[in-house]
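K.L.:
Here is the input, now give the coordinates:
(chains A and B)
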Amino acid sequence: MAQQKKLVEEITSMNEDFAKWYTDVVKKAELIDYSSVRGCMIIRPYGYAIWENIQKDLDARFKQTGHENVYMPMFIPESLLQKEKDHVDGFAPEVAWVTHGGKEKLTERLCVRPTSETLFCDHYANIIQSYRDLPKLYNQWCSVVRWEKTTRPFLRSVEFLWQEGHTMHETKEQAEQETLQMLDVYADFCKESLAMPVLKGQKTDKEKFAGAVSTYTIEAMMHDGVALQSGTSHYFGDGFAKAFNITFTGRDNKLAFPHQTSWGVSTRLIGGIIMTHGDDSGLVLPPAVAPVQVVIIPIAQHKEGVLEKANGLFERLRAQFRVKLDDRDNSPGWKFSEHEMKGVPLRIELGPKDIENNQCVVVRRDNREKTIVSLDNLESAVSEALKAVHDGLYERALKNREDRTYTAKDFDEFVKISNEKNGFIKAMWCGETECEEKIKDVTGVKSRCIPFEEEQISDKCVCCGKPAKSMVFWGKQY
RNA sequence: CGAGGUGUGGCUCAGUUUGGUAGAGCGCUGCGUUCGGGACGCAGAAGCCGCAAGUUCAAGUCUUGUCACCUCGACCA
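P.N.:
Numbering: from 1, shown residues only, chains lettered A, B, ... in the order given. Predicted coordinates for the structure are as follows:
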């Protein structure tokens, strides 16, 4: 037979141009559209459905760990933003300001929240009086605005959707424990629901959040070897509490400042999913958050009984799975490609031959493996196949990270690796910001984190040769 | 924000050098034939050429400005 003619332009191959591949996928999978506001994106139904699934899953994990949802205003008066110095220094350059209400100029301008620490603190000052009021475990789902100079869909946009948890605790220990607990919640979620392996660790002083005592991070590696900071959890100590005069009467009847945390993940996770799992045919979605987990494609659907039978399968499966029957009037091949582009984890093909044999063909998106399944035990086969897709994605992502993780013992080696490869570089560090900056200036590579699981590569700093304090993962980032 | 690039039906682009009645493929609509990896035929709809000024008898094409997007740097979730 003649070669199949290409009707639709394919997306750019990952190896040819990863950045272009990314934007192609984001557009062709109908996740977003560009809007008429610079740097702001329209999240389309298919993209938003992924976010809804992420929200639903994470929100349940937050509730399980005792958190409550609230909603804070989107405006912050300038005076409030300025109460904590490091914080305002960190965010002031990238906030949007509201200066007028209608035609009236405001006496105090309002910023559109870039993050809500200050609003939560302002409120906490009012409602926290006693140790009996602690802990306060609040979270909010909202959007924030940061006037970024260069933007990319999901990875960095001027407005983005996220959740921000803000908690207050009686003791330092409790707050630190909360900080680490939420980092674990994020890491577990990434592994169990997004099939994304992440490194847990602490940010260096240079990279930590504006106003935080310590910042913890989960770092994922994208398919091209570039890092993505996928979630952060901060311990604030009592710095904000002092700045906002939040006090409580302790068990000893003395006034004390509570200890604070905040933690967040954003729609950036969707960018992470795309760049972790996607391939040259488009998106590949982890089953737990895929808007459509299974698509049924009837073959020769005009023939007697095919559509009826396909519809029967649809009715059976929808009780347990997010399933879609594609009975549009396109050719099966066209539908295959379309749903591969959109990353649907499983495809079921059902044609006259199958119906004759009481079977269907189940095809995995991650490796295109085809299995013939008896219709008698379809539900369990689908369930197993979805799990296999999840595991397959996780293993592949983990292998990619391992293959792209290098070790540098001295500076020359570090420079050589960073010039030749994208990936994580493990190297020892003395703890001085000076060395961190030198490494960045020379190689363009930044510190990702000091991992919780450190290795003793050597006893000397890779940069200055002085005694090393910790091992650091280094890498380029999105 | 610095350097480079691109803006022409929904999409990808040709046309700009040398100003002279807006093109192609795909997609879309209708009808028919097809259907196990992006099917085929016939008929049709759809663009004041990113936007704004200017030069000219005449501007997609020349000039100036402006906006958006892409790539690479500096900054960030």
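K.L.:
Pull the helix or strand hosting residue A:182 out as PDB, backbone CA atoms only.
P.N.:
Taking DSSP states H and E as the criterion, residue A:182 maps to helix A:172-192. The C-alpha trace of helix A:172-192 is given here as PDB (Å, rounded to 0.1, in the frame of the first residue of the first chain):
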ATOM      1  CA  LYS A 172       9.600  26.300  66.500                       C
ATOM      2  CA  GLU A 173       9.600  22.500  66.400                       C
ATOM      3  CA  GLN A 174       6.000  22.300  65.500                       C
ATOM      4  CA  ALA A 175       6.400  24.800  62.700                       C
ATOM      5  CA  GLU A 176       9.500  23.000  61.400                       C
ATOM      6  CA  GLN A 177       7.700  19.700  61.500                       C
ATOM      7  CA  GLU A 178       4.800  21.200  59.500                       C
ATOM      8  CA  THR A 179       7.200  22.600  56.900                       C
ATOM      9  CA  LEU A 180       8.700  19.200  56.300                       C
ATOM     10  CA  GLN A 181       5.300  17.400  56.500                       C
ATOM     11  CA  MET A 182       4.000  19.500  53.700                       C
ATOM     12  CA  LEU A 183       7.100  18.900  51.600                       C
ATOM     13  CA  ASP A 184       6.400  15.200  52.000                       C
ATOM     14  CA  VAL A 185       2.800  15.700  51.000                       C
ATOM     15  CA  TYR A 186       4.000  17.400  47.800                       C
ATOM     16  CA  ALA A 187       6.600  14.700  47.100                       C
ATOM     17  CA  ASP A 188       4.200  11.900  47.700                       C
ATOM     18  CA  PHE A 189       1.600  13.600  45.500                       C
ATOM     19  CA  CYS A 190       4.200  14.000  42.700                       C
ATOM     20  CA  LYS A 191       5.100  10.400  42.900                       C
ATOM     21  CA  GLU A 192       1.700   8.800  43.500                       C
END
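K.L.:
Remind me what it packs against, helices and strands.
P.N.:
For helix A:172-192, the elements it packs on are helix A:45-64, strand A:159-169, strand A:199-202, strand A:214-221, strand A:227-237, strand A:259-266, judged by 3 or more CB pairs under 8 Å, 6 or more residues apart in numbering; DSSP states H and E. Heads up, the C-betas are built off the backbone N, CA and C, glycines and all.
K.L.:
Pull out the buried positions in it.
P.N.:
Neighbour-count burial for helix A:172-192 flags A:174-176, A:178-183, A:185-187, A:189-191 (criterion: 16 or more other CB atoms under 10 Å).
K.L.:
Please apply the same query to stretch A:307-317.
P.N.:
Buried residues in stretch A:307-317 (16+ other CB under 10 Å): A:307, A:309, A:310, A:313, A:314, A:317.
K.L.:
what's in contact with it?
P.N.:
Contacts to stretch A:307-317, defined as CB atoms under 8 Å, 6 or more residues apart in numbering, come from residues A:294, A:296, A:298, A:301, A:323-325, A:327, A:348, A:350, A:355, A:360, A:375, A:378-379, A:382.
K.L.:
Tell me the one among the residues you listed nearest to RNA strand B.
P.N.:
residue A:301 (5.6 Å; CB to the nearest atom of the strand).
K.L.:
sec struct for that closest one, please.
P.N.:
coil (DSSP: H, G, I helix; E, B strand; the rest coil).
K.L.:
For the closest residue to it other than its chain neighbours, what is the enclosing helix or strand?
P.N.:
Nearest non-adjacent residue to residue A:301, counting by CB to CB, 6 or more residues apart in numbering: residue A:307, 5.2 Å away. Using DSSP H and E, residue A:307 sits within helix A:306-317.
K.L.:
check whether that helix contacts RNA strand B.
P.N.:
No. Helix A:306-317 does not reach RNA strand B (CB under 7 Å from any atom of the strand); its nearest approach is 8.8 Å.
K.L.:
chain center to that helix, what's the gap?
P.N.:
Here helix A:306-317 is found 35 Å from its chain centre; the criterion is CA atoms, centre = their mean, to the nearest Å.
K.L.:
so for the next helix or strand after it, what's the average pLDDT?
P.N.:
Beyond helix A:306-317 in the direction of the C-terminus, DSSP H and E gives the next helix or strand as strand A:323-325. The average pLDDT for strand A:323-325 rounds to 96.
K.L.:
Need the residue closest to the centroid of chain A.
P.N.:
Geometric centre of chain A, nearest residue: residue A:269, 2.0 Å, by CA atoms, centre = their mean.
K.L.:
quick one, domains of chain A?
P.N.:
Domains of chain A are assigned by automatic domain parsing as A:18-277, A:294-385, A:405-475.
K.L.:
follow-up on the earlier one: alpha carbons of the helix holding residue A:307, as PDB, please.
P.N.:
Output in PDB follows, covering the C-alpha atoms of helix A:306-317 (Å, rounded to 0.1, in the frame of the first residue of the first chain):
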ATOM      1  CA  VAL A 306     -20.300  -1.700  16.400                       C
ATOM      2  CA  LEU A 307     -21.500   1.600  17.900                       C
ATOM      3  CA  GLU A 308     -24.000  -0.200  20.100                       C
ATOM      4  CA  LYS A 309     -21.300  -2.500  21.500                       C
ATOM      5  CA  ALA A 310     -18.900   0.400  22.000                       C
ATOM      6  CA  ASN A 311     -21.500   2.300  23.800                       C
ATOM      7  CA  GLY A 312     -22.100  -0.700  26.000                       C
ATOM      8  CA  LEU A 313     -18.400  -0.700  27.000                       C
ATOM      9  CA  PHE A 314     -18.600   3.000  27.700                       C
ATOM     10  CA  GLU A 315     -21.500   2.600  30.000                       C
ATOM     11  CA  ARG A 316     -19.700  -0.300  31.800                       C
ATOM     12  CA  LEU A 317     -16.400   1.600  32.200                       C
END
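K.L.:
relative to helix A:306-317, how tilted is the helix ranked longest in chain A?
P.N.:
The longest helix of chain A (DSSP state H) is helix A:378-403. Helix A:378-403 runs at 70 degrees relative to helix A:306-317, counting by axes from the mean of the first three to the mean of the last three CA atoms, to 10 degrees.
K.L.:
wait, does helix A:378-403 contact RNA strand B?
P.N.:
No. Using CB under 7 Å from any atom of the strand, helix A:378-403 never reaches RNA strand B; the gap is at least 13.6 Å.
K.L.:
In terms of secondary structure, what does that helix contact?
P.N.:
So helix A:378-403, by 3+ CB pairs under 8 Å, 6+ apart, packs with strand A:214-221, helix A:268-277, helix A:306-317, strand A:346-350, strand A:359-364, strand A:370-374.
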